[in-house]
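Asker: Curious how this folds, go ahead:
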Amino acid sequence: MSKEGGVVPVVPAGAAFEGTLAYRGAVRIDGRLHGEVIATGALEIGEHGEVRARVEVDELVVAGHLQGDAVAKRRIELRASARVEGNLRAPIVILADGCRLQGRLECKPAQPARSQGEAQPRRSTGGEAEPRRSAGEEAEPRRSAGEEPRAEGRAARLA
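Answerer: Model (predicted):
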């Protein structure tokens, strides 16, 4: 994200905002924001930005300071200058060398996957028998011919 890419600076350096910021599109915070951010779009916290908020966006890029929990539907990127105190959750998380995170990091898809302990419905295929398994043995997921296995989430990668 950059200013050239349609990012609107909503809280410029030296300014402060308190309350709920709700929007569509992409915005940048270079000043101070206290409250919550709920958006369909992207949020960029600039290198000198200070955000104390609960954040729910499609995409989050942090170069400044974020204090609070954040959930992104697509991805979270912490740049080298980022300082985060809070829990982060997104399908893709990018951590630059030098960023600081104090909190929990969850790389999960937007739709929560079933937990392993949750019972899965059995499907009858009209003649195929399910192989017997001993207690605690996991079933191999069924795939179509030639279908590759898919990961439920992506691990953090370094930028």
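Asker: so where do the strands sit in this protein?
Answerer: Ranges of strands in the chain, per DSSP state E, are 8-11, 16-29, 32-45, 50-62, 65-67, 70-78, 83-85, 88-90, 92-95, 100-102, 105-107, 157-158.
Asker: what would the ones you listed look like in CSV with mean pLDDT and mean neighbour count?
Answerer: In short, each C-beta sits where N, CA and C put it, glycine included. Converted to CSV, these look like this (pLDDT from 0 to 100; neighbours: other Cβ atoms under 10 Å):
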stretch, mean pLDDT, mean neighbour count
strand 8-11, 85, 17
strand 16-29, 95, 16
strand 32-45, 96, 20
strand 50-62, 97, 22
strand 65-67, 98, 21
strand 70-78, 97, 21
strand 83-85, 98, 19
strand 88-90, 96, 23
strand 92-95, 96, 20
strand 100-102, 97, 14
strand 105-107, 92, 16
strand 157-158, 42, 9
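Asker: show me the residues around Val57 that make contact.
Answerer: Contacts for Val57 (Cβ atoms under 8 Å, 6 or more residues apart in numbering) come out as 37-43, 70-73.
Asker: go with 6 Å
Answerer: Contact partners of Val57, counting by Cβ atoms under 6 Å, 6 or more residues apart in numbering, are 39, 43, 72.
Asker: And it, how close does it get to Ala90?
Answerer: Val57 is 10 Å from Ala90, where distance means Cβ to Cβ, to the nearest Å.
Asker: Mind listing the shared neighbours of those two?
Answerer: Joint contacts of Val57 and Ala90 (Cβ under 6 Å, 6+ apart) are Ala72.
Asker: returning to what we had before: so which of the contacts of Val57 is the closest to Gly49?
Answerer: Within the contacts of Val57, the smallest distance to Gly49 is 9.8 Å, found for Leu43 (Cβ to Cβ).
Asker: what's the nearest residue to that closest one if we skip its chain neighbours?
Answerer: Val57 (4.7 Å; Cβ to Cβ, 6 or more residues apart in numbering).
Asker: bridging residues for the one you found?
Answerer: Per DSSP bridges, the residues bridged to Val57 are Ala72.
Asker: With Gly14 as the reference, measure out to it.
Answerer: Val57 is 24 Å from Gly14, where distance means Cβ to Cβ.
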